[in-house]
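Peer 1: here is a sequence together with a model predicted from it:
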Amino acid sequence: MVEALTQAQRYPFLTGDGRRLLEWLHESEFAPRYNHHCGPRLTAQGLGRVRAFEAEVRGSPPRWAPGSPPGWVAEFAAFCLREVPFYRRYGAGPRDFAGLPACRRANLGREPWAFVPDGQPLDDLIVYSTSGTTGHPLSVLSHPETAASYLPLLRAALARHGVTLAGGAGQVACLLICFQQSTFTYATVSPYLDFAGFAKINLNPADWRGPDDAARFIDACRPEIFTGDPLSFDALARLPLTSRPKALISTAMALLPGLQGSLSARFGCPVLDTYSLNEAGLVGVARPSGGFALLQPRLYVEILDDDDRPCAPGVRGEITLTGGCNPFLPLLRYRTGDFARLVYDQGEPCLADLEGRPPTTFTTATGLTLNNVDVSVALRDFALPCYTLHQAADGALTLRLPADWAGRDQVRATLLRLFGAGQALTIQALPPGAPSGKVVQYTRDDAAN
């Protein structure tokens, strides 16, 4: 049995102002029914390192010439090949970086422990489990300083659009908005932002005590920014809110321009489209001039073809990452399953034509709307290497699974519990040669919208 952390362990140097704000976030008469506790676990020494990382983000934007990795990459690769069990299997001897094999999400999913360097202390280990918007469950091993380092990157993304995330005592800096049947929800405060508040909330009415409480709580918080995905922002825009944030930050799914424009008009602020992964954190932010600017100074981005060879600038391929700021997960040529072109704008490497994960909603037999994440959560316990779910214009579902995968009856029963017993559902085999990694998992006919 794992013992729950104390408040002192979650907040090693919590101030009086921070404690009062944390209590208000939990005890407000309009607060949601939180189902989780989460604290930054960031020590004063760790906070100093995060602030040093912020200075590096500001002073050393990602820069490299085509085909020429930054100087730190060779030393980082040598460290991985020497100290990380998974990469050590590549064999000894001098290796040219471009000749190293790539690894994939499936490798990480099977044995996340094999990516931890031999000398990495385990005292501050965090295990973050996610169903992922692609539907493939993943456990990411991480560190409190890695989690806190997201905020300097978020500040850098906002700064590109003229927005400042100030934080400060008594201020709610950010609300993470979800719109799912179920998800972890919690409130916390951030020492990096002088113990400003943060809360993850779910707009599902079942998470609230009264029908108007979500809007009242959000207006009482008056957060500087909202983060979330396009589906949750669409639900947020339907609430009768009077507060106006400085910005909305969209993550996890592709943000379509039409929705981006309507959200900007609704809230009177910029709506930023970002590219992030659980494995690497915040990678880039969409630029007003087009493409995605890269944010992490110690994250090298390649575009690879099917044979792990770098594509020429401007040629489309798979986004592949090396580096990062997670000591429990050093990435060495990690294929993300996302596709783009790498272009150079006055020496700045940028991602163009990024193929993100489009948001998809489904309609149940009784007319309710489901988020595709709800399907991922429902199927997360099945060891499916890949699957696709499509809803036709008449509402019928077609689930495609690997031809040799057992357990179809259990999957059918799970989906019928989610969609309703009267749901039309056909299960078919994926076509021969279908990829075992990331696929376009969730689709529906336009007429079904």
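Peer 2: Structure received.

Peer 1: where in the stretch 151-300 of the chain is pLDDT low?
Peer 2: By pLDDT under 70, the low-scoring segments of the stretch 151-300 of the chain are 253.

Peer 1: how does it look with 90?
Peer 2: The stretch 151-300 of the chain contains residues with pLDDT under 90 at 179-183, 229-232, 234, 251-259, 288-290.

Peer 1: how about the helices in it?
Peer 2: Counting by DSSP state H, counting those that start in this stretch, the segments of the stretch 151-300 of the chain that form helices are 213-221, 230-237, 257-267.

Peer 1: so what touches the second one?
Peer 2: When contacts are taken as CB atoms under 8 Å, 6 or more residues apart in numbering, the neighbours of helix 230-237 outside the stretch itself are 177-179, 203, 218, 226, 228, 248, 250, 253-256, 259, 262-263, 266-267, 271, 359, 361, 371, 373. From N, CA and C alone the C-beta is placed, and that goes for glycine too.

Peer 1: before we move on, the earlier item: what's the most buried one of the helices of the stretch 151-300 of the chain?
Peer 2: helix 230-237 (a mean of 21; mean count of other CB atoms under 10 Å).

Peer 1: and the angle from that helix to helix 257-267?
Peer 2: Relative orientation of helix 230-237 and helix 257-267, computed by axes from the mean of the first three to the mean of the last three CA atoms, to 10 degrees: 30 degrees.

Peer 1: quick one: contacts for P32?
Peer 2: By CB under 8 Å, 6+ apart, the residues touching P32 are T185, I201, N202, D207, W208, D213, A214, F217.

Peer 1: also D374?
Peer 2: Taking CB under 8 Å, 6+ apart, we find D374 in contact with Q180, Q181, S182, L418.

Peer 1: what about the last one, how many neighbours?
Peer 2: Other residues lying near L418 total 18 when counted by other CB atoms under 10 Å.

Peer 1: and the gap between it and S232?
Peer 2: 19 Å (CB to CB, to the nearest Å).

Peer 1: just the third one next, same as before
Peer 2: Taking CB to CB as the measure, S182 and S232 are separated by 14 Å.

Peer 1: again with H36
Peer 2: Taken as CB to CB, the span from H36 to S232 is 17 Å.

Peer 1: still on that earlier bit, buried ones only from the contacts of helix 230-237, please, as a PyMOL command.
Peer 2: Buried members of the contacts of helix 230-237, defined by 16 or more other CB atoms under 10 Å, are picked up in PyMOL with:
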select buried, resi 177+178+179+203+218+226+228+248+250+253+254+255+259+263+266+267+271+359+361+371+373
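
Peer 1: strands - which of the contacts of helix 230-237 land there?
Peer 2: Of the positions in the contacts of helix 230-237, I177, C178, F226, G228, L248, S250, V271, T361, N371 sit in strands, assigned by DSSP state E.

Peer 1: okay, and the beta partners of the fifth one?
Peer 2: What it means is L248. Beta-bridge pairing for L248 (DSSP bridges): F226, V271.

Peer 1: wait, it touches P223, no?
Peer 2: No. Contact between L248 and P223 fails when scored by CB atoms under 8 Å: they sit 10.5 Å apart.

Peer 1: off-centre distance for the helix or strand that A106 is a member of?
Peer 2: A106 belongs to helix 105-110 when assigned by DSSP states H and E. Put simply, helix 105-110 sits 17 Å off its chain's centre (CA atoms, centre = their mean, to the nearest Å).

Peer 1: helix or strand right after that helix?
Peer 2: Sequence order places strand 126-130 as the next helix or strand after helix 105-110, per DSSP H and E.

Peer 1: what lines up beside the following helix or strand past that next one in the sheet?
Peer 2: Downstream of strand 126-130, the next assigned helix or strand under DSSP H and E is strand 138-142. Using DSSP bridges, strand 138-142 pairs in its sheet with strand 126-130 (antiparallel).

Peer 1: so which bits of the partner strand are buried?
Peer 2: In strand 126-130, counting by 16+ other CB under 10 Å, buried: T130.

Peer 1: average pLDDT for it?
Peer 2: Mean per-residue pLDDT for strand 126-130: 82.

Peer 1: switch the ones in strands among the contacts of helix 230-237 over to CSV; also include distance to P12.
Peer 2: Below are those laid out as CSV (distance: CB to CB, whole Å):
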residue, distance to P12
I177, 28
C178, 28
F226, 28
G228, 29
L248, 32
S250, 32
V271, 35
T361, 42
N371, 36
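
Peer 1: please, where are all the strands along the stretch 301-449 of the chain?
Peer 2: 317-323, 331-345, 348-355, 361-363, 369-371, 388-391, 397-401, 425-429, 442-444 (DSSP state E, counting those that start in this stretch).

Peer 1: sorry, back to before: check which helices and strands the helix holding A106 is in contact with.
Peer 2: Helix 105-110 sits against strand 138-142, strand 331-345, with contacts defined as 3 or more CB pairs under 8 Å, 6 or more residues apart in numbering; DSSP states H and E.

Peer 1: run the angle between the longest one and strand 348-355 for me.
Peer 2: Right, strand 331-345. Going by the same axes, to 10 degrees, strand 331-345 makes 100 degrees with strand 348-355.

Peer 1: next: the first one.
Peer 2: Interaxial angle of strand 138-142 relative to strand 348-355 (the same axes, to 10 degrees): 160 degrees.

Peer 1: residues of strand 138-142 that come out buried?
Peer 2: For strand 138-142, by 16+ other CB under 10 Å, it's L138, V140, L141, S142.

Peer 1: how's this structure carved up into domains?
Peer 2: With domains defined by automatic domain parsing, the chain comprises 7-300+323-329+348-354, 361-448.

Peer 1: now the longest one, how far from the chain's geometric center?
Peer 2: To tie it back to what came earlier, the one meant is domain 7-300+323-329+348-354. Averaging C-alpha positions (CA atoms, centre = their mean) puts domain 7-300+323-329+348-354 7 Å from its chain's average.

Peer 1: dump stretch 241-255 to PDB, restricted to CA.
Peer 2: What follows is stretch 241-255 as a C-alpha-only set of coordinates in PDB (Å, rounded to 0.1, in the frame of the first residue of the first chain):
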ATOM      1  CA  LEU A 241     -18.600  33.500 -18.200                       C
ATOM      2  CA  THR A 242     -17.800  37.100 -17.400                       C
ATOM      3  CA  SER A 243     -14.100  36.700 -16.700                       C
ATOM      4  CA  ARG A 244     -11.600  37.300 -19.600                       C
ATOM      5  CA  PRO A 245      -8.300  35.500 -19.700                       C
ATOM      6  CA  LYS A 246      -5.100  36.700 -21.200                       C
ATOM      7  CA  ALA A 247      -4.900  33.700 -23.500                       C
ATOM      8  CA  LEU A 248      -6.200  30.200 -24.300                       C
ATOM      9  CA  ILE A 249      -3.500  27.500 -24.800                       C
ATOM     10  CA  SER A 250      -4.700  24.500 -26.900                       C
ATOM     11  CA  THR A 251      -2.900  21.200 -26.600                       C
ATOM     12  CA  ALA A 252      -3.200  17.500 -27.400                       C
ATOM     13  CA  MET A 253      -5.400  17.800 -30.500                       C
ATOM     14  CA  ALA A 254      -5.300  19.800 -33.800                       C
ATOM     15  CA  LEU A 255      -6.900  23.200 -33.400                       C
END
